[in-house]
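J.: Build me a model:
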Amino acid sequence: MAIEILMPALSPTMEEGTLAKWLVKTGDVVKSGQILAEIETDKATMEFEAVDEGVIGSLLVAEGTAGVKVNTPIAVLLEDGENASAVAASKPTAAAPPVAAAVVESRGEARPTVAVAAGARVFASPLARRLAKDKGLDLAVVKGSGPHGRIVRADVEGAKVWVQVAAKESRAEARPTALPTATASMPTGMAAETVLKMYADRSFVEVPLDGMRRTIAARLTEAKQTIPHFYLRREVRLDTLMAFREQMNKGLEARGVKLSVNDFIIKACAMALQAVPNANAVWAGDRIFRLKPSDVAVAVAVEGGLFTPVLRDADKKSLSTLSAEMKDLAARAKTRKLAPQEYQGGSFAISNLGMMGVENFDAVINPPHGAILAVGAGLKKAVVMADGTLGVATVMSMTLSVDHRVIDGALGAELLKAVVEGLENPLAMLA
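T.: Residues are numbered from 1 along each chain as shown. All right, here's what the predicted structure looks like:
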């Protein structure tokens, strides 16, 4: 049975992609797991693997084609003796109302539920059928991961022979799920034609939006429109930290490690999330998720946009480990080589523009995070010392942008206080 290979969703937020390069050609024999193409998402270039076996009948999308929607056919995979015209016959028709449901447990994964209609045709590859027969597995209860729900080898290999009727389990354990609600259309501002007329007599260069810039525009517009931001501001004295950092860097010089102020900020935020656990939370539509680990995202500027790679379990890692991991993530972010799991998730973010001389600013929360810390430059300022005399100290301004749905004012203030205490007493971060 000829099948269509569809544009995959390589990340939870991906809606379209660019088919950067084909690694196969018409007539090639492919096996499950073989790399078929390189696909550019809004954030990275990723490899796309085959989930089935067969012969490439035709490539429907040319290399370099941008804006290919997820689930759009991009190629045709044939079995022995078939031709591309067989694809139309392979498309499943609308199924009858489901009359039963079954659950198959696979290797360590959540058990998927699939509806089985009476007399409905089961779509599976010949290899999957042979494996299922050998295992004594009824394919009607296996959820297919191939195109149009087609069952492939991996689905059968990951399934146990026994099954449970979902109707029994659902009555005891099923949780009601809220139905998705329609999302209001996002205002886009002035139309391109209107703006064009305003500048018709001026010289300009039109810059088309790539996937990353479109995603940034959509997500941050949504963030400012839907997240009730409020802002908390504090100054932190860095003199103790700067002296401590200099001392540590001398000791680490033989190992080729050089800690930055940003490494200390990451560590201080990670430990603050543990000290104020109720603030280690994200907004999940109709509920709040409080995270146990301190997964801290750090904004990294790249050409045409930015990434927010996530340092997982940052509270448990040493400063030198955080420094090395951050350098690696930042380097791969600039070449768009990060995997989705490396820049998605976390509950808290840091945006540091201090190295560019910015004294203070307000950052936009990256949903679903509960907060983001905007870090300014450390500047020499006149301050009142502990003994009441005037002196000079290195002072850094920080602004915490907070989602009021997740974190209230007093809780946000407690979190920011914990960050400041960590930075002003850096030795405690090593305890």
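
J.: Ser32 versus Gly54, what's the distance?
T.: Distance of Gly54 to Ser32, given as Cβ to Cβ, to the nearest Å: 10 Å. From N, CA and C alone the C-beta is placed, and that goes for glycine too.

J.: ah, wrong one, I meant Leu423
T.: Using Cβ to Cβ, we find Leu423 at a distance of 51 Å from Ser32.

J.: still on that earlier bit, show me which of Gly54 and Ser32 is the more surrounded one.
T.: Neighbours around Gly54 and Ser32, counted as other Cβ atoms under 10 Å, are more numerous at Gly54. The numbers are 24 against 18.

J.: you'd agree the more buried one is up against Val30?
T.: Yes - under the criterion of Cβ atoms under 8 Å, Gly54 makes contact with Val30 at 6.5 Å.

J.: who touches both of these two?
T.: Leu77 (Cβ atoms under 8 Å, 6 or more residues apart in numbering).

J.: so how many other residues sit close to the residue nearest to Val76 when sequence neighbours are not counted?
T.: Beyond its immediate neighbours in the sequence, the residue positioned closest to Val76 (Cβ to Cβ, 6 or more residues apart in numbering) is Gly57, lying 3.9 Å away. Around Gly57 there are 23 other residues, counting by other Cβ under 10 Å.

J.: Next secondary structure after the helix or strand encompassing Gly57?
T.: Applying DSSP states H and E as the criterion places Gly57 in strand 54-59. The C-terminal neighbour of strand 54-59 among helices and strands, as given by DSSP H and E, is strand 65-69.

J.: Averaged pLDDT, that next one. What do you get?
T.: Mean pLDDT, taken over the full extent of strand 65-69, equals 87.

J.: same check, this time on stretch 35-53
T.: When the per-residue pLDDT values of stretch 35-53 are averaged, the result is 83.

J.: and what of stretch 77-93?
T.: In this model, stretch 77-93 has a mean pLDDT of 58.

J.: And stretch 384-394, by the same measure?
T.: Taken as a whole, stretch 384-394 has a mean pLDDT of 91.

J.: Can you list the buried residues in stretch 204-220?
T.: For stretch 204-220, the buried set under the neighbour-count rule, 16 or more other Cβ atoms under 10 Å, comprises 211-212, 214-216.

J.: Put together JSON lines for these, with distance to Val76 and secondary structure on each row.
T.: Converted to JSON lines, the buried residues of stretch 204-220 look like this (distance: Cβ to Cβ, whole Å; DSSP: H, G, I helix; E, B strand; the rest coil):
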{"residue": "Gly211", "distance to Val76": "25", "secondary structure": "helix"}
{"residue": "Met212", "distance to Val76": "30", "secondary structure": "helix"}
{"residue": "Arg214", "distance to Val76": "29", "secondary structure": "helix"}
{"residue": "Thr215", "distance to Val76": "30", "secondary structure": "helix"}
{"residue": "Ile216", "distance to Val76": "35", "secondary structure": "helix"}
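
J.: okay, who's weakest in those residues by pLDDT?
T.: Here the lowest pLDDT out of these sits on Gly211, with 76.

J.: low pLDDT regions in this structure?
T.: Counting by pLDDT under 70, the chain contains low-confidence ranges at 1, 12-13, 42-43, 80-121, 126-127, 145-148, 157-188.

J.: how far does stretch 250-270 stretch from start to finish?
T.: End-to-end span of stretch 250-270 (Cα to Cα, to the nearest Å): 25 Å.

J.: Contacts for it next, please.
T.: With Cβ under 8 Å, 6+ apart as the test, stretch 250-270 has contacts from 238, 241-242, 245, 248-249, 294, 296, 298, 311, 314-315, 317, 319-320, 322-324, 326, 348, 350, 352, 354, 373, 375, 378, 418-419, 422-423, 426, 429.

J.: hmm, try it at 7 Å
T.: Contact with stretch 250-270 is made by 241, 245, 248-249, 294, 296, 298, 311, 314-315, 319-320, 322-323, 326, 348, 350, 352, 373, 375, 419, 422-423, 426, 429, as judged by Cβ atoms under 7 Å, 6 or more residues apart in numbering.

J.: Lovely, talk soon.
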